[in-house]
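Chemist: Here is my input, please return the structure:
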Amino acid sequence: MKKIFVINGGQHFAHSGGKFNKTISAWDKEFFTAENGFELKYTDINEDYDLAEEVEKFVWADVVVYHTPVWWFGLPYKFKQYLDTVFTAGHRKGIYYSDGRKLETPAINYGTGGSLHGRDYMLTTTWNAPETAFTLPGEFFNETSVDDGVMFGFHRMNAFTGMKKLDGFHFHDLEKNATPERIENYEKDYKIHLEQVFNHTLISTEL
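Modeler: As a prediction, this is how the structure comes out:
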């Protein structure tokens, strides 16, 4: 069985109840079943957690699945706190060993000291911004994608640990245009995405 660790980073704060990220996590639970060949562990950053146990989940997993809304062009502060504290607790305990550099060559090999080589991760983000804000000339993000722009640092963080990126999924326009039909279409598209990404992963693992 493939071991999946899902992290729900949808923080409860102000007008945001984190409901949609909880919905995405529920879709995961429908997909990552024993019948489909998966073993699943789950963390909600709004609930109490033990740092050592969270480190163990990262070390245990074949794939880490992150779900996060984007607040002011970054992660919610409790999700950032989760990552800061868990990754720090994972120093020389399975997440990373060092920054990868050696005393005799301090100018090279930064970011190569991760301990999670052989693992993958997948990111989903949820936005108020429509997809066109990233793709149309003259719009807010200057035709820069989510992954190459706002979430670039997040991807380098995971590369620092040694994990490799699987194709992610970004959900857009979820405040002004979160109609039931839109959510239903997103559910279909996301589940198709999971089938494509994880069927490919399972096949490549067996080769």
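Chemist: State the three-state secondary structure for D148.
Modeler: Using DSSP: H, G, I helix; E, B strand; the rest coil, the structure places D148 in coil.
Chemist: show me what contacts V70?
Modeler: Residues in contact with V70, defined by CB atoms under 8 Å, 6 or more residues apart in numbering, are 125-127, 150-151. (C-beta placed from N, C-alpha, C; glycine too.)
Chemist: pLDDT score for it?
Modeler: V70 is assigned 96 on the pLDDT scale.
Chemist: Most neighbours among the contacts of V70, which one?
Modeler: T126 (25 neighbours; other CB atoms under 10 Å).
Chemist: if we can go back for a sec, F73: which of the contacts of V70 is nearest?
Modeler: Lowest distance from F73 to those (CB to CB) belongs to V150, with 5.2 Å.
Chemist: for the helix or strand harbouring Q81, which positions count as buried?
Modeler: The secondary structure element spanning Q81 is helix 77-89 (assigned by DSSP states H and E). Taking 16 or more other CB atoms under 10 Å as the neighbour-count basis, helix 77-89 is seen to contain the buried residues 79-80, 82-83, 86-87, 89.
Chemist: For I45, see how far away D120 is.
Modeler: Counting by CB to CB, to the nearest Å, the gap from D120 to I45 is 21 Å.
Chemist: Sorry, slip of the keys, the one I care about is R92.
Modeler: 24 Å.
Chemist: Next, format the buried residues of helix 77-89 as a markdown table and append distance to A107 and pLDDT.
Modeler: Formatted as a markdown table, these follow (distance: CB to CB, whole Å; pLDDT from 0 to 100):
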| residue | distance to A107 | pLDDT |
| --- | --- | --- |
| F79 | 33 | 98 |
| K80 | 29 | 98 |
| Y82 | 32 | 98 |
| L83 | 27 | 98 |
| V86 | 30 | 98 |
| F87 | 24 | 98 |
| A89 | 29 | 98 |
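Chemist: Brilliant, that's me finished.
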